[in-house]
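> return a 3D structure for these sequence lines:
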Amino acid sequence: MTDISDKSHIHSSPYLPDVAAQMTEAANLLINNLNVEQKLLALYTEDHYERLYWHYAPVKYRGLPIKKLDDKQKHLIFDLVSTGLSTRGTELANKITALETVLGQIESDNNTVQFERDPGFYYLRIFGTPGSSAWSWSLNGHHLFCAFTIVDGGWISATPNFMGSNPGLIPDGYPGSGTGILLNTDEMARELMSSFDKAQRTKALISELAPLDIYTGNSPVLIDGGGSMLPHSGIQTASMNKSQKDLFWQLLTNYVQRLRPELSDPVIESLKDDGFDRFRFSWAGGLSVHEGRYFRIHRMRPHSLLIEQDNVQNDANHIHSVMRDVDEDFGVDLLRMHYEQSHIH
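From the prediction side, this is the model:
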């Protein structure tokens, strides 16, 4: 009999029954406060195809929109979000939804309206029965996607995790002017790239021109190794000096710590202990705040991790960022092992 609390046979997801119990309680409390119409929008079967569908474009999705909730229900949704994200991550999620109002004002003033901007256009979906042997939930809308898959009462997958910001820096004359909710990582990455000598920069630079978006887009599944959708290029951390490694570490952990400490700490420990020097940092585009730019942090299997961020659109004032795990996105590896074990007689 396999001891499910022994994670040595699992790729990288932590076994956290207390966190899983909190997610279950928060999800059930929310469900119990929804009416029949709202439940029909929010609840899906465990294996529904929508579970792997996500995007970060300003379009309407399937699911229960925040717009259809009263204040108590909205509070319960963000209580659920806070069982997966850290305090800072939850604040970022709230700020991303609130930024829609600012963006709507900017586009109206500039006569560039293409989409309806509304902080209510964020959609909750719960797949399966919270507390069952395999269930998941996600919140999705413009520039925000967080997904959590819970297996066997304690294994938790917390990726993909996407956050974006438009505007990257709020212009004068609008609420919050002069601030940017994701500019810290943009600045850290530019500082790191600027610190490289000529030989290091040659390794790190993968293109003089930045792509218009993150390479992986909203792909439901990633491929690592042979046939990878991303070339394993860039400068390895082994080729960085100590101060550069320290800055790289700050940049890397900034993304991981969007998750609550119980989820992020085991990942951070594994990053320290297992193959830190296997990480690569890649850069495309310019270095100034006015030039479009893109960077990627990537470690191949075992214990793969991928982070992408671009700041290209709207005159380099529009940020996309994502954290992904080749094996554990949407709990794919966890579910595979769960179903294999459940069919052993």
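> helices of the stretch 51-200 of the chain, start to end?
71-81, 87-109, 183-195, 198-204 (DSSP state H, counting those that start in this stretch).
> how close does residue 300 get to residue 112?
The gap separating residue 300 from residue 112 is 41 Å, by Cβ to Cβ, to the nearest Å. From N, CA and C alone the C-beta is placed, and that goes for glycine too.
> these two: which has the busier surroundings?
A direct count of neighbours by other Cβ atoms under 10 Å for residue 300 and residue 112 places residue 300 higher, at 18 against 9.
> how is this structure carved up into domains?
What automatic domain parsing lists as the domains of the chain is 7-159, 183-327.
> now these in TSV, with mean pLDDT and distance to residue 333?
Below are the domains of the chain laid out as TSV (pLDDT from 0 to 100; distance: least, Cβ to Cβ, whole Å):
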stretch	mean pLDDT	distance to residue 333
domain 7-159	93	5
domain 183-327	92	4
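> looking at those domains, which is nearest to residue 172?
Closest to residue 172 of those is domain 7-159 (Cβ to Cβ; 11.2 Å).
> out of the domains of the chain, flag the one nearest residue 165.
Among those, domain 183-327 sits nearest to residue 165 (Cβ to Cβ), with 4.5 Å.
> and the closest one, end to end?
Using Cα to Cα, to the nearest Å, one end of domain 183-327 lies 29 Å from the other.
> partners of the helix or strand hosting residue 282, with directions?
Assessed by DSSP states H and E, residue 282 sits inside strand 280-285. Note on strand 280-285: by DSSP bridges, its sheet partners are strand 205-207 (parallel), strand 235-236 (antiparallel), strand 293-299 (antiparallel).
> which one of the ones you listed is the most hemmed in?
Most buried of those, by mean neighbour count (mean count of other Cβ atoms under 10 Å): strand 293-299, with a mean of 23.
> and after that one, which helix or strand comes next?
Strand 293-299 is succeeded, C-terminally, by strand 305-311 (DSSP H and E).
> quick one: closest of the domains of the chain to residue 169.
Per Cβ to Cβ, nearest to residue 169 of the domains of the chain: domain 183-327, 5.8 Å.
> give me the number of residues near the nearest residue to residue 17 once chain neighbours are set aside?
Once flanking residues are discounted, residue 17 sits nearest to residue 154: 3.8 Å by Cβ to Cβ, 6 or more residues apart in numbering. By other Cβ under 10 Å, the residues close to residue 154 number 18.
> residue 154 and residue 24 touch, don't they?
No: if you go by Cβ atoms under 8 Å, residue 154 and residue 24 don't touch, sitting 10.7 Å apart.
> wait, which of the strands paired with strand 280-285 is closest to residue 39?
strand 293-299 (39.5 Å).
> what angle do that closest one and strand 305-311 make?
180 degrees (axes from the mean of the first three to the mean of the last three Cα atoms, to 10 degrees).
> settle this for me: residue 33 is touching residue 74, isn't it.
No: assessed by Cβ under 8 Å, residue 33 is found out of contact with residue 74, at 10.7 Å.
> for residue 260, give me its contacts.
Residues near residue 260 by Cβ atoms under 8 Å, 6 or more residues apart in numbering: 19, 82, 83, 84, 85, 86, 89.
> nearest residue to the last one in space, please, no chain neighbours.
Of all residues beyond its chain neighbours, the one nearest residue 89 is residue 258 (3.8 Å), with distances taken as Cβ to Cβ, 6+ apart.
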